[in-house]
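*Asks:* The following block contains a protein sequence and its predicted model.
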Amino acid sequence: MKLFDAHCHLQDPRIFDKAPQLIAAAVDSGVVRFAVNGVSEKDWHLVKQISESYPCVIPCFGLHPWYVAERTPNWLNTLKQFFEATPSAAVGEIGLDKGSQGKKVDFTDQVNVFRQQLEIAKKLKRPASIHCVRAFGDLLQIMKSLGPFPAGVILHSYLGSAEMVPEFANLGAYFSFSGFLMSMKVHKAKRMLKMVPSERILLETDAPDALPKSELDSAHLVEGASLPEELQTIEISSAPFAGARDVSTFPKEALNHPENIHKFLRPLFKP
């Protein structure tokens with residue numbers, strides 16, 4: 001069974017030194033691609049470094065809303081230079097945050113920085129990985145003003161409402177799920193999952209976050225033996241990051257063979 005980690009942070013200082021072992025362990029477990037997302041100017045070079053060492057890594061460069069206030073005056077030009085030097089790169093992690101951590105950063109500033117990065121994704125026809133906490137209405141409004149997004153937009157660790165799913169999907173959004181999904185109330189999670197088009201479901205670790213509270217030495221991946229029997233022989237694709245190293249040519253097929261992912265996710269929420 002082949003898997004694709006749609007969102008992780010192998011450049012994070014908590015696990016960067018262990019990235020080679022983590023990648024090797026994950027590959028042995030069937031993971032064939034990793035979308036590694038930068039979060040600030042300070043780690044973009046590390047993301048690029050990892051992607052140059054491991055062809056299975058898709059680099060993503062972006063300014064996370066938590067770090068907006070730390071940006072330098074030349075941040076946007078620096079970001080553009082990374083994209084010019086890395087044709088295989090996607091945009092991320094970018095987004096909006098009104099949660100406890102996000103409240104520390106001026107929201108108007110967050111919006112301005114987010115729009116600029118989403119405009120880059122649109123112009124360069126690159127997928128974008130979006131972080132959103134308690135700001136889904138604002139996010140939808142901005143995406144409507146700039147979209148649609150044929151290259152794809154990933155709503156990472158999606159915890160939004162079921163009602164917004166169709167509107168996001170119509171704009172080109174994919175819905176990526178991590179361990180944070182378990183923080184939702186069961187009935188809300190079930191309603192939301194049923195609304196997500198099967199071809200737009202993604203899976204992610206968000207490593208080293210959204211993981212089990214155990215040692216960081218493991219890959220924190222679901223072992224094939226623990227999956228339903230019918231899933232263990234399924235070949236999994238990876239759109240919008242599928243196949244190609246150059247994101248401008250990514251095919252638009254389904255990610256993670258979604259019909260089967262539905263079979264796996266939905267039983268988790270049975271009463």
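*Replies:* Noted; the coordinates are in hand.

*Asks:* Pop out the phi and psi values for residue 68.
*Replies:* phi -60, psi -40 (degrees, to the nearest 10).

*Asks:* pLDDT score assigned to it?
*Replies:* With respect to pLDDT, residue 68 scores 98.

*Asks:* tell me the helices in this protein, going along the chain?
*Replies:* Taking DSSP state H as the criterion, the chain carries its helices at 19-28, 44-53, 75-85, 107-124, 136-146, 165-170, 186-195, 258-265.

*Asks:* Could you point out which of the ones you listed sits nearest residue 64?
*Replies:* helix 107-124 (9.6 Å; C-beta to C-beta). Using the backbone N, CA and C atoms, a C-beta is placed for each residue, glycine as well.

*Asks:* ok, and what's touching that closest one?
*Replies:* With contact meaning C-beta atoms under 8 Å, 6 or more residues apart in numbering, helix 107-124 is reached by 62-63, 65, 68-69, 71, 76, 79-80, 83, 90-91, 94-98, 102, 126-128, 135, 138, 142-143, 146-147, 149, 151, 153, 248.

*Asks:* Buried subset of those residues, written for PyMOL?
*Replies:* Filtering the contacts of helix 107-124 down to the buried ones (16 or more other C-beta atoms under 10 Å) takes a single PyMOL command:
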select buried, resi 62+63+65+68+71+79+83+90+91+94+95+96+97+98+102+126+127+128+135+138+142+143+147+149+151+153
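
*Asks:* Now, the contacts of helix 107-124 that are in strands?
*Replies:* In strands, defined here by DSSP state E, the members of those are 90, 91, 94, 95, 96, 97, 128, 153.

*Asks:* if I look at the first one, how far off is residue 174?
*Replies:* What it means is residue 90. Separation of residue 90 from residue 174 (C-beta to C-beta, to the nearest Å): 12 Å.

*Asks:* ok, back up a step: quick check: the farthest pair among the ones in strands among the contacts of helix 107-124?
*Replies:* 90 and 97 (19.8 Å).

*Asks:* And residue 154, how far from residue 73?
*Replies:* Taking C-beta to C-beta, one finds residue 154 at 29 Å from residue 73.

*Asks:* Please report how far the nearest residue in space to residue 129 that is not next to it in sequence lies from residue 68.
*Replies:* Nearest non-adjacent residue to residue 129, counting by C-beta to C-beta, 6 or more residues apart in numbering: residue 92, 3.0 Å away. Residue 92 is 14 Å from residue 68, where distance means C-beta to C-beta.

*Asks:* do residue 157 as well
*Replies:* From residue 157 to residue 68 the distance is 19 Å (C-beta to C-beta).

*Asks:* What of residue 11?
*Replies:* Per C-beta to C-beta, residue 11 is found 19 Å from residue 68.

*Asks:* now residue 190
*Replies:* Distance from residue 190 to residue 68, by C-beta to C-beta: 34 Å.
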